[in-house]
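A structural model of the following input is requested.
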Amino acid sequence: MSMYTRCSSCNTRFRVTVQQLQACSGQVRCGRCTNVFDAFATLTARPPGDGEDPPALENSVREPQRAPVAPSVVPSVPTTVVPSFTRPPEEALALMSGASEQVSLSTTLTMPTGSAAEPLTLPADLFSRAKGPKLPGPTWLWSSAAGLLGVFALLQFVLLFRSELAASMPGTRGALQALCAPLSCEVPLPRYPDSLYIESSDLQMVDSARPQEVLLTATIRNRADKLQAYPMLELTLTDTMDQPIAKKHFHPKEYLPAHLSETVGFAPGSEVGVRLMLYTSELRASGYRLFLYFPS
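As a prediction, this is how the structure comes out:
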């Protein structure tokens, strides 16, 4: 099989065979300017674009210091076989990459190692592979580490947004509480203060003979479409000038009826009635204010 090379000094093109280059280790002498050059550096399987057939190479040398040696004529070899080279493997592969269109890559190159030559088999997709950095360590180890990091990130997300998850998916509350138990955390009910309203309220004496005893009644409604926590109640007693004279806070367990539980939560669209008997002692309140809030 004929290949083509070019003199590095005068750019004269020559037609060569692989056997010729093997015999002289690629060191050839130009027949026009007598320059000794490395034929592998410009070796290609493509003929010149001008259509002119370059002359065959006649001069070659084994070393730049020696006289040129004419290579013996050897019949052309099949395109599926590349003869052995006396160059290092990396350099030989780089030089032959230019002739990859004509030469099969499923080939065995014989490289000298000491006194004996060992065959080096090249895979067919050698030149098409991307030469990316090789990851150290076994693949399963990296896969396991990536999987553990993913599980850890998911666990963090669930714990961070456990309240929102329990509100949007009530069926997961039990599983979230079981997950929090060994971590000493809780799954609090969500809070939507803008959706809580006092529908009605009243503060009055039960018996005129005992003016220090008053009854607070109220109706609280959850207008949200989701379950949420019960709010705190703040009752402020005022005098005739609407100035506060006493204030008291009530937890849900203090004002909820017996059939309702603080831990279950305030059902969406539902309401709860409040009835609190209060003892005002010597205070003579003429008015009151009632607020709903969540502690910070």
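
tell me what the longest helix that the chain contains is packed against?
Among the segments of the chain that qualify as a helix by DSSP state H, the longest is helix 139-160. Applying 3 or more Cβ pairs under 8 Å, 6 or more residues apart in numbering; DSSP states H and E, one finds that helix 139-160 contacts helix 173-180. C-beta coordinates here come from the backbone N, C-alpha and C atoms, glycine included.

CA atoms only for the helix it packs on - export them in CSV, please.
Taking Å, rounded to 0.1, in the frame of the first residue of the first chain, the C-alpha atoms of helix 173-180 are listed here in CSV:
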residue,chain,number,x,y,z
ARG,A,173,-47.8,12.5,59.4
GLY,A,174,-47.4,9.1,61.2
ALA,A,175,-44.3,8.2,59.2
LEU,A,176,-42.8,11.6,59.8
GLN,A,177,-43.4,11.4,63.5
ALA,A,178,-41.7,7.9,63.5
LEU,A,179,-38.8,9.4,61.7
CYS,A,180,-38.5,12.3,64.2
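
other SSEs contacting that helix?
Applying 3+ Cβ pairs under 8 Å, 6+ apart, we find helix 173-180 packed against helix 139-160, helix 162-168.

between those, which has the poorest average model confidence?
In terms of average pLDDT, helix 162-168 trails the rest of those, at a mean of 74.

for that helix, buried residues please.
162, 163, 165, 166, 167 (16 or more other Cβ atoms under 10 Å).

any chance of those residues in JSON lines, plus distance to residue 45?
Converted to JSON lines, these look like this (distance: Cβ to Cβ, whole Å):
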{"residue": "162", "distance to residue 45": "68"}
{"residue": "163", "distance to residue 45": "71"}
{"residue": "165", "distance to residue 45": "65"}
{"residue": "166", "distance to residue 45": "71"}
{"residue": "167", "distance to residue 45": "71"}
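
and residue 222, what does it touch?
Residue 222 makes contacts with 192, 195, 196, 228, 266, 267, 268, 269, 270, 271, as judged by Cβ atoms under 8 Å, 6 or more residues apart in numbering.

excluding chain neighbours, what is closest to the third one?
The shortest distance from residue 196 to any residue other than its chain neighbours is 5.0 Å, reached at residue 292 (Cβ to Cβ, 6 or more residues apart in numbering).

for the last one, same thing?
Nearest non-adjacent residue to residue 271, counting by Cβ to Cβ, 6+ apart: residue 221, 4.2 Å away.

can you pull the buried residues of the helix or strand that contains that neighbour?
Assigned by DSSP states H and E, residue 221 falls within strand 213-222. Buried residues in strand 213-222, counted by 16+ other Cβ under 10 Å: 214, 216, 218, 220, 221, 222.

thought the first one was touching residue 204?
Yes: with contact taken as Cβ atoms under 8 Å, residue 214 and residue 204 are classed as touching, separated by 6.4 Å.

the chain: strands as residue ranges?
Ranges of strands within the chain are 2-6, 13-17, 27-29, 36-38, 108-113, 116-121, 196-205, 213-222, 232-238, 244-250, 271-279, 287-293, based on DSSP state E.

so which of those gets nearest residue 260?
Counting by Cβ to Cβ, residue 260 lies closest to strand 271-279 out of the strands of the chain; the figure is 6.4 Å.

by pLDDT, give me the weakest of the buried residues of strand 213-222.
For the buried residues of strand 213-222, the pLDDT minimum is residue 214, 90.

out of the buried residues of strand 213-222, who's nearest residue 184?
residue 222 (29.5 Å).

how close does the residue nearest to residue 288 when sequence neighbours are not counted sit to residue 214?
Using Cβ to Cβ, 6+ apart and skipping the chain neighbours, the partner closest in space to residue 288 is residue 203 (4.7 Å). Using Cβ to Cβ, to the nearest Å, residue 203 is found at 6 Å from residue 214.

skipping adjacent residues, who's closest to residue 231 in space?
In space, residue 231 is closest to residue 292, 4.3 Å off (Cβ to Cβ, 6+ apart).
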